[in-house]
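Chemist: Got a predicted structure plus its sequence, pasted below:
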Amino acid sequence: MVGVPEELDEMRRIRAALPREIYLWINPLTPRPRPYSPEEVAAFAELDPLFSLTSRRQPSLGKACSAGETSFTVDGAGQMQRCHFVEQTIGNIYDSAWLLALEPRSCPRRYCDCFLGKAQLQAETLAPHFGGSLLERIPVQLPS
């Protein structure tokens with residue numbers, strides 16, 4: 001779910017309807033019209049105990065990032081970008097040599113706000129929490 005403060009009551013109803021063994025992640029609203037209040041962060045953390053970990057802005061400028069090496073985004077025309085937030089075409093999946101576009105790169109953005117992007121930062125601290133299911137955001141251990 002996306003962390004829209006005005007939807008907290010509905011999000012609580014959905015969490016209550018789910019079995020406890022189902023992890024419900026809350027994606028931070030990006031961009032946000034304003035920072036979350038401490039009360040909102042606490043409310044989202046009640047629904048998703050890993051919310052404070054996944055909602056932090058990750059300093060990323062110049063850091064090694066596997067986006068564009070082991071993952072990429074594709075638009076309808078086949079244009080490949082390393083991630084949703086770096087508007088640089090690196091290749092096209094309809095080109096027979098598209099694999100040559102995949103290479104290690106450093107991040108050109110000052111911060112990474114997106115979970116999928118943060119998961120690609122090689123220095124990120126999310127892997128211990130999600131293991132081999134990092135992109136799927138399935139915790140190694142269900143948070144209490």
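Modeler: That came through fine.

Chemist: In which helix or strand does the residue of the chain most remote from its centre reside?
Modeler: Farthest-out residue of the chain from its mean C-alpha position, per CA atoms, centre = their mean: Ser96, at 29.7 Å. Applying DSSP states H and E as the criterion places Ser96 outside every helix and strand.

Chemist: quick one: pLDDT of it?
Modeler: Note on Ser96: pLDDT of 97.

Chemist: got it, and Ser66?
Modeler: We have a pLDDT of 88 for Ser66.

Chemist: what sits up against stretch 79-87?
Modeler: Under the contact criterion CB atoms under 8 Å, 6 or more residues apart in numbering, stretch 79-87 has outside partners 65, 67-68, 71-75, 88-93, 98, 101, 105, 107-109, 112-114, 116-117, 120. C-beta coordinates here come from the backbone N, C-alpha and C atoms, glycine included.

Chemist: Give me the contacts around stretch 64-71.
Modeler: With CB under 8 Å, 6+ apart, stretch 64-71 has contacts from 81-83, 86, 90, 101-107, 116-117, 120-123, 135.
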